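Colleague: quick one: sequence and predicted model below, then my questions.
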Amino acid sequence: WLKPSPQAGFFAAHKMQRAFTLLSQGLDIRSPDKLPEQRPLKEMGDLEKAPEAQQHPVEWGLKDDGSILLKEHMLKNGFNPLALPENIWSAMLVLYLTEGFHSSQAWRVGGSALLQLLTTVALQGYACYALALIVVEHLSRLEQACVEHDPWLCRVCMMVFIMWVSMDLKETFDMGRWLSRFALVDRWESLRLSRFTSVCSTADSEIQVETMKPVSGITRLGRLCIAGFLLIPKAFIGFAMLYFGSAYVMTAVDAEALLQNCVALAFIIEIDNAVYTLLIPHHWKELVHLVRAQPIGLSCREWSSRHAFVYQLFSLVGLPCILFFALLGLEWRWCHVSSAYIIESPCSVLASMLFISILLVLIPLNSGVSYKRP
């Protein structure tokens, strides 16, 4: 179904819309006449509509008795909904989940996608390598970094740069969380999503929550390949940019060079988005967009007090603390002479970045939560 139509425009868009309609109904888009097996979703609560479910929107928060309050949009997407970002990495992920590599057509399309992905990795990887060489040259020429320009402007630029790279790393982390919500199966299955209803019981009423859930699953080998060929390289490039890019910012000799270096770093970070915008076909982008429009959420029984605590702690406290300590650590690394005696070997730096990249990917994939098939 990914093969382009002989007629341009309308027919391709119609085919993609038909495929997503089948996908959203829980049907296999490769075999649209085959209906999925209907099984009760016991772990998600009652699938029937609650006769006395609350229909009007209420405010988010906690009452004195501890009952959960939800806004209207929360009732449609479930708890903590996750959606794929629109980039080259998600395009490759969606291609595997929908088409796999079980036919000659899939191998042709997958080979083209793999070539584009390798192009992205090569471009960003070589840019990071050139950036590292420039940093080494700057450090050998300067007796001491971080003293040739306004230190507060440097810190502002550093914080913005760290936030920019952190968005990319968090995007990788969320892709792993999105993938972890697929149950493990023995054989590859085409991507199928379906909307289910669960009921949250409160002190005085029952609230009906709709949740988009994957009906299909993913194999252990498929999850391992996605982690090894997509998520880990993406995270490694992000950490390399963070490490060497911060040195590139802090070794600028004046304010003008500082701002020019920041613009150059933004140029390197946007390489993967440029490849996605230019090289990915429109019908393939449309599929990624349609999958993104259906975020996978958690049901009432899956959303526990532990989930709520970790979500609030990480979002409200964890991220600001991570950004602050990253700024302090990178400033110490490049602006203080004592760090040179601790971190000297380039191999140890690269090994550390690889290890942190693997942790960033494996933590969400092995969160300890077992998502069962509907």
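Modeller: That came through, no problem. Residues are numbered from 1 along each chain as shown.
Colleague: use CA for all of it now, contacts and neighbours both
Modeller: Will do.
Colleague: can I assume Leu323 sits in a strand?
Modeller: No. Counting by DSSP: H, G, I helix; E, B strand; the rest coil, Leu323 falls outside a strand, being helix.
Colleague: mind checking how far it is from Leu84?
Modeller: Here the criterion is Cα to Cα, to the nearest Å. By it, Leu323 lies 24 Å from Leu84.
Colleague: what number of residues lie near the residue nearest to Ile218 when sequence neighbours are not counted?
Modeller: In this structure, Ile218 finds its nearest non-sequential neighbour in Leu184, 5.1 Å apart by Cα to Cα, 6 or more residues apart in numbering. Here the number of neighbours of Leu184 (other Cα atoms under 10 Å) works out to 20.
Colleague: is Leu184 in contact with Leu221, as I believe?
Modeller: No. Under the criterion of Cα atoms under 8 Å, Leu184 lies out of contact with Leu221, with a separation of 9.8 Å.
Colleague: low-scoring stretches of this protein, by residue?
Modeller: By pLDDT under 70, the weakly predicted segments of the chain are 1-75, 142-145, 147-149, 202-204, 337-344, 367-374.
Colleague: which parts of it are strands?
Modeller: Ranges of strands within the chain are 61-62, 68-69, 79-82, 193-201, 206-214, 296-298, based on DSSP state E.
Colleague: so which of those strands gets nearest Asp254?
Modeller: For the strands of the chain, the distance to Asp254 is smallest for strand 79-82, at 42.1 Å, taking Cα to Cα.
Colleague: that closest one: which residues count as buried?
Modeller: For strand 79-82, the neighbour count (16 or more other Cα atoms under 10 Å) marks Phe79, Pro81, Leu82 as buried.
Colleague: pull up the pairing partners for it, direction included.
Modeller: On the basis of DSSP bridges, the sheet neighbours of strand 79-82 come out as strand 296-298 (antiparallel).
Colleague: Leu323 and Leu84: who's more crowded?
Modeller: More neighbours sit around Leu84 than around the other of Leu323 and Leu84, counting by other Cα under 10 Å; the figures are 25 against 16.
Colleague: Lys234 - how many residues pack around it?
Modeller: Quick note: Lys234 (other Cα under 10 Å) scores 23 neighbours.
Colleague: which non-adjacent residue is nearest it?
Modeller: Distances taken as Cα to Cα, 6+ apart place Thr172 nearest to Lys234, at 7.1 Å, with adjacent residues excluded.
Colleague: okay, that neighbour and Trp178: tell me how far apart.
Modeller: As defined by Cα to Cα, Thr172 lies at a distance of 10 Å from Trp178.
Colleague: more neighbours: which of these two?
Modeller: Applying other Cα under 10 Å to Thr172 and Trp178 shows that Thr172 carries more neighbours, namely 27 against 19.
Colleague: so the more buried one sits against Ala227, correct?
Modeller: No. Using Cα under 8 Å, Thr172 makes no contact with Ala227, being 10.1 Å away.
Colleague: shared neighbours of the two, anything?
Modeller: A shared contact of Thr172 and Ala227, defined by Cα atoms under 8 Å, 6 or more residues apart in numbering, is any residue touching both; here these are Val361.
Colleague: show me which helix runs longest in the protein.
Modeller: Selection of the longest helix in the chain by residue count, based on DSSP state H, yields helix 104-141.
Colleague: can you list the buried residues in that helix?
Modeller: By neighbour count, with 16+ other Cα under 10 Å as the criterion, the buried positions of helix 104-141 are 106, 109-110, 113-114, 116-117, 120-121, 123-125, 127-128, 131-132, 135, 138.
Colleague: which strands and helices sit next to that helix?
Modeller: Counting contacts by 3 or more Cα pairs under 8 Å, 6 or more residues apart in numbering; DSSP states H and E, helix 104-141 is packed against helix 88-98, helix 232-250, helix 255-269, helix 271-279.
Colleague: so what's the gap between the second one and the chain middle?
Modeller: Spelled out, it's helix 232-250. Chain-centre distance of helix 232-250: 17 Å, with Cα atoms, centre = their mean, to the nearest Å.
Colleague: how about Leu191, phi and psi?
Modeller: Its backbone dihedrals place Leu191 at phi -60, psi 130, with angles given as degrees, to the nearest 10.
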